[in-house]
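Asker: Sequence first, then the predicted structure:
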Amino acid sequence: MTDLWTSAEIAQATGGAASAPFAVSGVAFDSREVSTGDLFVAMKGDATDGHKFIDTAFGQGATGAIVSTPVDHPHILVSDSAVALEALGQAARARMTGKVIGVTGSVGKTGTKEALFHALERAHPDGVHRSVKSYNNHVGVPLSLSRMPRNAGFGVFEMGMNHAGELAVLTRQVRPDVAIVTAIAPAHIEFFATEAAIAEAKAEIFQGLEPGGTAIIPYDSPHVALLYSRAERYAARILTFGMSREADIHAREAMPALGGGTLVTAKLPNAELCFTVAAPGDHWVSNALAVLAAVDAVDGDLAAAGLALAEMPGLPGRGERRILPVAGGQVLLIDESYNANPLSMAATLTQLGRESADRRIAVLGGMRELGSRSEELHAGLTDPLVAAKVDYAILVGAEMAPLADALANRPGSVIGYDHVPDAASATSLLTTHMRAGDAVLVKGSNGIGLSRLVAALVAPAIDGASEGKS
């Protein structure tokens, strides 16, 4: 197997000095994630110092480290480990001869990144690299870049932000050949004056486009004109996607598929494709169209992409669906516990309303970083809840008080609800109320901790399955 990095290459990229020759097959900055053959990047942060975990990292199999203080292990000594990681990421991008795709957006960027990885990997096994988890910030992006194999044919990178100027820095590291904006929503509105300002910040992704690059933007967004005008400054080609027939890549037809998901007939500039999106919901149709636009932009295999979209598994915390055994039958659990904003809340509630179930239950956690509009936007979930014919809602966290008040004061409201302070209270309440035939949606900002609720519900099902095998 070809080494990911040699000590000489790391030293050259970072301007550091090697204590001894070594080679690595991976990169990590969290000692808990170090595996055999990794390079451990010991960074000093506000809360802790990675140098304290050097022995732990090497005990778990690290073969080298980047450090700013000499240690008794093979290392590259630099003045600042965080700056060195960024330099290593830039070196990985510089040696990459394939195509790089960058993804951002207020919603859907992780799902789109994963779908794009599967779409390209279907035709190019072991030839596609992507950022894992949601490593999309000032340390996650260079880490993901530094992990890119030297012979990768494609790289797919997610980039996030919650302040203006952050994406401009990240996109110049990624230097995408194709840049995607999935959607614009009032996520992080606490830090922006308007939603248009969010669109302006997301459009920074185009600043890093390579010469001849392609920008992919959502046609159905009210901010399409702003995104288009910003893309024109940097992109040689602009593709729009959406449900409107005016979009360059659009859904001519979209209908429920047998067994879930959506059967889509998509029109592209020079092709037409009929395929199934395994993940249910209109938002996933939109994500799939963005994926096809990107595959087309890098001259990828559209047919293979369609097959991959039909087989793509659900992502934990982002729409993964589980069947839980309960007394008398089963419960459908829809896990959207990783993140939430008004647009994604409305989209997932719409999908809940389409589920065939005896009862629909929504466990909704507060949405963070909404600033002065928090009360308005939380109360605004009333109509989507009613439209989805939700029978019972558990509202979690102080942010959900305006929604509880709106439901209480809504004339003729038929939605039963409880407002609880935290995920532990919600878990206790849900396990009491849940019964066979229910469809349960769990969604909230990550800081609310609803992933713990999901874990508590899933654990008994896993334990039960384990007990059935010898």
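Answerer: Nice, I can see it.

Asker: CA only for contacts and neighbour counts going forward, please
Answerer: Fine.

Asker: All the strands of the stretch 51-200 of the chain, residue numbers only.
Answerer: Remark: strands assigned in the stretch 51-200 of the chain by DSSP state E, counting those that start in this stretch are 64-67, 75-77, 99-104, 128-130, 154-158, 178-181.

Asker: List the strands paired with the second one, with their directions.
Answerer: Strand 75-77 sits in its sheet next to strand 17-18 (antiparallel), strand 64-67 (parallel), going by DSSP bridges.

Asker: So what touches that strand?
Answerer: Strand 75-77 is contacted from outside by 7, 10-11, 16-20, 64-70, using C-alpha atoms under 8 Å, 6 or more residues apart in numbering.

Asker: And the longest one, by the same measure?
Answerer: When contacts are defined by C-alpha under 8 Å, 6+ apart, strand 99-104 is touched by residues 109, 112-113, 153-160, 171, 174-182, 202, 205, 294, 298.

Asker: Make TSV out of the strands of the stretch 51-200 of the chain and add mean pLDDT, distance to Gly212 and mean neighbour count.
Answerer: As requested, those are arranged in TSV below (pLDDT from 0 to 100; distance: least, C-alpha to C-alpha, whole Å; neighbours: other C-alpha atoms under 10 Å):
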stretch	mean pLDDT	distance to Gly212	mean neighbour count
strand 64-67	98	35	29
strand 75-77	98	37	27
strand 99-104	98	12	26
strand 128-130	98	21	23
strand 154-158	98	17	27
strand 178-181	98	9	29
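
Asker: can you put the ones you listed in JSON lines and add distance to Ala346?
Answerer: Listed next are the strands of the stretch 51-200 of the chain as JSON lines, based on distance: least, C-alpha to C-alpha, whole Å:
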{"stretch": "strand 64-67", "distance to Ala346": "45"}
{"stretch": "strand 75-77", "distance to Ala346": "49"}
{"stretch": "strand 99-104", "distance to Ala346": "20"}
{"stretch": "strand 128-130", "distance to Ala346": "29"}
{"stretch": "strand 154-158", "distance to Ala346": "23"}
{"stretch": "strand 178-181", "distance to Ala346": "19"}
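
Asker: Below-threshold pLDDT in the stretch 351-470 of the chain: ranges please.
Answerer: Within the stretch 351-470 of the chain, the ranges that satisfy pLDDT under 70 run 460-470.

Asker: Thr348 against Gly281, yeah?
Answerer: Yes: checked against C-alpha atoms under 8 Å, the pair Thr348 and Gly281 is within contact range at 7.2 Å.

Asker: of these two, who's got more company?
Answerer: Thr348 (25 against 21; other C-alpha atoms under 10 Å).

Asker: can you tell me the helix or strand for the more buried one?
Answerer: Under the criterion DSSP states H and E, the helix or strand holding Thr348 is helix 342-354.

Asker: quick one: the helix or strand following that helix to chain centroid distance?
Answerer: Going down the chain from helix 342-354, the next helix or strand is strand 359-365, by DSSP H and E. Average the C-alpha atoms of strand 359-365, do the same for its chain, and the two points are 22 Å apart (C-alpha atoms, centre = their mean, to the nearest Å).

Asker: Specify the angle between strand 359-365 and helix 342-354 in degrees.
Answerer: Comparing the axes of strand 359-365 and helix 342-354 via axes from the mean of the first three to the mean of the last three C-alpha atoms, to 10 degrees yields an angle of 160 degrees.

Asker: Note down every partner strand of strand 359-365 and its orientation.
Answerer: Paired with strand 359-365 in the same sheet, following DSSP bridges, are strand 392-396 (parallel), strand 438-443 (parallel).

Asker: Not counting its neighbours along the chain, what's nearest Val141?
Answerer: Distances taken as C-alpha to C-alpha, 6 or more residues apart in numbering place Tyr135 nearest to Val141, at 6.1 Å, with adjacent residues excluded.

Asker: ok, now how distant is that neighbour from Ser19?
Answerer: With distances defined as C-alpha to C-alpha, to the nearest Å, the gap from Tyr135 to Ser19 amounts to 30 Å.

Asker: swap in Asn137?
Answerer: The gap separating Asn137 from Ser19 is 30 Å, by C-alpha to C-alpha.

Asker: Equivalent analysis for Ala215, please.
Answerer: For Ala215, the distance to Ser19 under the criterion C-alpha to C-alpha works out to 44 Å.

Asker: Kindly report the same for Asp296.
Answerer: Asp296 sits 46 Å away from Ser19, taking C-alpha to C-alpha as the criterion.

Asker: can you list the strands paired with strand 75-77 in TSV and add distance to Pro269?
Answerer: Output for the strands paired with strand 75-77, formatted as TSV (distance: least, C-alpha to C-alpha, whole Å):
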stretch	distance to Pro269
strand 17-18	51
strand 64-67	47
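
Asker: Spit out the contact partners of Ile238.
Answerer: Ile238 makes contact with 214-217, 228, 231-232 under the criterion C-alpha under 8 Å, 6+ apart.

Asker: and if we set it to 10 Å?
Answerer: Under the criterion of C-alpha atoms under 10 Å, 6 or more residues apart in numbering, the contact partners of Ile238 comprise 178-179, 213-217, 228, 231-232, 248, 297.

Asker: from those residues, which is closest to Cys274?
Answerer: Nearest to Cys274 among those, counting by C-alpha to C-alpha, is Asp248 at 16.0 Å.

Asker: Need phi/psi at the closest one.
Answerer: In terms of degrees, to the nearest 10, the main-chain angles of Asp248 are phi -60, psi -40.

Asker: Just give me the neighbour total for the closest residue to it other than its chain neighbours.
Answerer: Counting by C-alpha to C-alpha, 6+ apart, Asp248 lies nearest to Thr240, which is 5.1 Å off, once chain neighbours are set aside. Neighbourhood size, Thr240 [other C-alpha under 10 Å]: 23.
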